[in-house]
Every structure is written in C-alpha cells, then in structure tokens.
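Q: need a 3D model of the following:
(one chain, ligands or ions: 1)
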Amino acid sequence: MSETANVALDFRNIDILFDRSGRRGAIEAALARLDAGETREEISRALKVTVGVAGANLGVARGEISVLMGLSGSGKSTLLRAANRLNQPIRGEVRIGNGSAWLDIARCDGDTLRELRKTRIAMVFQQFGLLPWRSVRDNVGFGLELRGMAPSVRREIVEEKLALVGLSSWADAQVHELSGGMQQRVGLARAFATDADILLMDEPFSALDPLIRRKLQDELMDLQKRLKKTILFVSHDIDEALKIGSRITIMREGRIVQTGTPGDITLRPINDYVADFIRHMNPLPTILAAAFMRRFRDLPVRPDGLLDAGTIAIDQHAPTAHVADRGVVMRACGEWEPGAVCIVPTHMSLGEVIVMRQRSGFPVLVEEDGQLVGVCDDADIYQALSGERRRG
Ligand SMILES: Nc1ncnc2c1ncn2[C@@H]1O[C@H](COP(=O)(O)OP(=O)(O)OP(=O)(O)O)[C@@H](O)[C@H]1O
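A: Numbering: from 1, shown residues only. Model (predicted):
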C-alpha cells in the first residue's frame, strides 16, 4: 500500500518565520542563526524576526484526530495554518496525499491551492467565522455556494449536515439567535458540508463553558468515528487533548517536543517539560486501560511456565489464571468463574477501572476483540495515577 493511503498530511522540516524588522535579508540571516543553534529569543532580539515554527516534522494519519498542544505562543496555530498555507513555510514541505502521489501545499500554484481549500481542507475557527446576518442554513451551505453548487443539491447536503449536528429545527434562525455552543455546531456542520477529508480546528471549543465544551468534544469524536475525517486540532488544554486525540504533539517555543498516543505522552513523557504538562492533567477520565495495563506478551515467564503478573499468574496455553493472594485457580478466556476476576475492555478509563477494582476486590484483566491481552494490578493503577514508573 502506498504511503499516501495511510498518511493524510505530512509536515516535513517546516520553518515558519515572521519578519518584524522590514529589513531585506532578515529572514535569511535568521535562518542562518537558527541553523547555528541560536534560540528563538536570541534571534528575535538580534534581528526582530519571530520564529513561529522550527524544524517541525509531523505525519497525520488518515482518519485520526491529531492534537497540537502547548502553551500560548508555542507555534500550534502557526503550524496548523501551514496546512492550508494561511502561513507560508519558509522552508520544508506540507505534503497532502493526492491519489497515489504527493502534492506540496507549501509550493503548489495558486489554482491548485484554491482547489485544495475548496475541496480537501476545511478550517473551523475559534470565533466560529460565521456570517451573523445569514440564516443557519445559509451559513452551513456557504462553502458549497462559493463552489457554485446548484441550490437544490446544496439544500439536500445542508439538511443532512444540520441533522448530523442536531440543528435541523434551527435551520431558518439567524446565527446571532443561537448560543455559543450551537454556533460552534453550525461551524462544524459547515466544515462537514464541504466534504473536505481534512479538517483544521483551531481551539474551536475554547470560548465555551466546560459543560458544553465536553458535550461538543463527545459529539466531535462521535462524528469523526462515523465520517472518518482526518482532523488536526489545536488545543492548550491537556485534558481536552488526551480525551479527543488519537495522537498528541507537544510544542514548545516553535519546536515539536514529543508526538505520541495519549498513553505514550502520559506514561512515557520524553522529558521534564512534557512530564510537567502531564502533572496538571486529570488522569481519571483520560488514561485508558490500554495505556497502563501490562500486556501478557511483556510479562516475565516463571520457572513453571506461567506468566508472572505479581498477584496473579497466567497460563497462556490452558489458559488459566492463578490468584496467588487468595489461592484461587481460574479458567481464562470465556470461562471465568463468575465473581473471581474483573474483565474490562482496553478503552475503559482509569477512573472506571479503579471503581471496578475497588467494588469487586478482584484482579483486573483486560480484553481486546474478545481476547484477554493484559492485566492491571494496584501498582499499575498507582503508576498511572502518579505518573511514576513501576519498579520491579
Ligand atoms: N502573522 C504573524 N505575524 C507575526 N508573528 C506571528 C504571526 N503569527 C504568529 N506569530 C508569532 O509566532 C509565535 C507562535 O504563535 P502561534 O499563534 O502559532 O502560537 P500558539 O501556540 O498557537 O499560541 P496561542 O495558544 O496563544 O494561540 C508567536 O510568537 C506569535 O507572536
């Protein structure tokens, strides 16, 4: 299978610089200093050039929600906006799969860029970007109208997308009559209506109150599962990033510090900077069993051939499990004695696993696609809660 089948967007060695000096040659001088290892601060002071993004490499897989995360000014929006060339990279490529070939958004001609923006890449802004004097229906159909689509065809698509976001009965209302959360849904419907396969979302929910925000996050995840869009999402909220992101990229001062799954980021932070971010998150709803369980395949084997999981031992061949602390021998895989173990799915959250463990008092085994694949004991749970590595 070609690479373009799996990767929707590919940022390669992206540098984006902003010249505040107005002097000729300032950007070239800044690039030379950047390559010599000078910091963003030093370059800014010496040349009045802001390094928005430096040396960024990121592949966004088809159908995933990839979240750019970092403090204010870390370069998230600047990188996102390179995906539709609202920001022009000074160096590097932004590749988008075009059939079995790649197209470089950073360098393609104006006609190609306009076509990409109309048909492939849609943007949802924080300020909604809606036209307040138009009805909800006309806002959702705006992109299609610009493309010259016939009103009857347009209407059908718009009605379908409005139903998708639960706003059918508001189609004729003026946008300003809607609450913030509803307006953001109109923005989502408009992005979905374009049939773009890539959505760029720049802090779309940050202006909303926490309850509505959580609801829209759930809706977005649900819509994404159904529509299989590729979403690049900017957030400065670690809880939001861990909740919705299949992968998260942490940025600092224009550079990518770490890219990984929520499990990678939370349990294997690459340095103290990332670890510090993680310390401020609420792990209970965000870390999933898949991330903190110990997989059977990684467990040591005891002399008697059983897998050693601490308080329980697992026979992969029978398969049975022995709960050492209560002397019970149990059959695994489907024939568990009721009330002897907890079996949870890989997507169960840490908070829910703790409740299961605490209510039952039983060891927790984890299943994936009907197979038992891992185990979590109290040490795994404490590790996930504290971010400390398991010892021994
Ligand atoms: N058009 C521009 N002109 C000049 N400087 C810019 C421009 N856009 C961004 N910058 C600068 O680039 C750096 C990165 O900004 P960016 O908006 O990407 O950060 P961010 O991580 O998205 O921050 P926030 O969370 O506050 O939106 C900042 O120093 C910003 O001032």
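Q: now whichever residue of the stretch 201-350 of the chain sits closest to the ligand: how far from N84?
A: Nearest residue of the stretch 201-350 of the chain to the ligand: H236, at 4.9 Å (Cβ to the nearest ligand atom). Bear in mind the C-beta positions are built from the backbone N, C-alpha and C, glycine included. Distance of H236 to N84, given as Cβ to Cβ, to the nearest Å: 21 Å.
Q: my read: the residue of the stretch 201-350 of the chain closest to the ligand touches E203, true?
A: Yes. Counting by Cβ atoms under 8 Å, H236 does reach E203; the two are 7.1 Å apart.
Q: who's more crowded, these two?
A: The neighbour count for H236 versus E203, taken as other Cβ atoms under 10 Å, is higher for E203 (20 against 15).
Q: what does the stretch 201-350 of the chain put close to the ligand?
A: Residues of the stretch 201-350 of the chain found near the ligand (Cβ under 6 Å from any ligand atom) are H236.
Q: where does the stretch 1-150 of the chain dip in pLDDT?
A: 1-4, 125-128 (pLDDT under 70).
Q: who in it is up against the ligand?
A: Selection of the stretch 1-150 of the chain residues close to the ligand by Cβ under 6 Å from any ligand atom yields F18, T50, G52, G70, S72, G73, S74, G75, K76, S77, T78.
Q: neighbours of the last one, how many?
A: Using other Cβ under 10 Å as the criterion, T78 is surrounded by 25 other residues.
Q: now it, nearest residue through space, not along the chain?
A: G52 (3.7 Å; Cβ to Cβ, 6 or more residues apart in numbering).
Q: circling back: need the phi and psi values for the residue of the stretch 201-350 of the chain closest to the ligand.
A: phi -110, psi 20 (degrees, to the nearest 10).
Q: pLDDT score assigned to it?
A: What the model reports as pLDDT for H236 is 88.
Q: likewise the one 10 residues further on?
A: Per-residue confidence for S246 comes out at a pLDDT of 92.
Q: and it, what does it touch?
A: Listed by Cβ atoms under 8 Å, 6 or more residues apart in numbering, the contact set of S246 reads A61, E64, I65, S66, T261.
Q: quick one: which of the residues you listed is nearest L227?
A: L227 lies nearest to I65 out of these, by Cβ to Cβ, at 11.8 Å.
Q: chain neighbours aside, what residue packs nearest to that closest one?
A: I65 sits nearest to I231 (Cβ to Cβ, 6+ apart), 4.5 Å away.
Q: specify the beta-bridge partners of that neighbour.
A: On the basis of DSSP bridges, I231 is bridged to I65, L199.
Q: tell me the contacts of the most centrally placed residue in the chain?
A: Closest to where the C-alpha atoms of the chain average out (Cα atoms, centre = their mean) is G245, at 2.3 Å. By Cβ under 8 Å, 6+ apart, G245 lies in contact with I65, S66, V67, M69, F233, P262.
Q: go again using 6 Å as the cut-off
A: I65, V67 (Cβ atoms under 6 Å, 6 or more residues apart in numbering).
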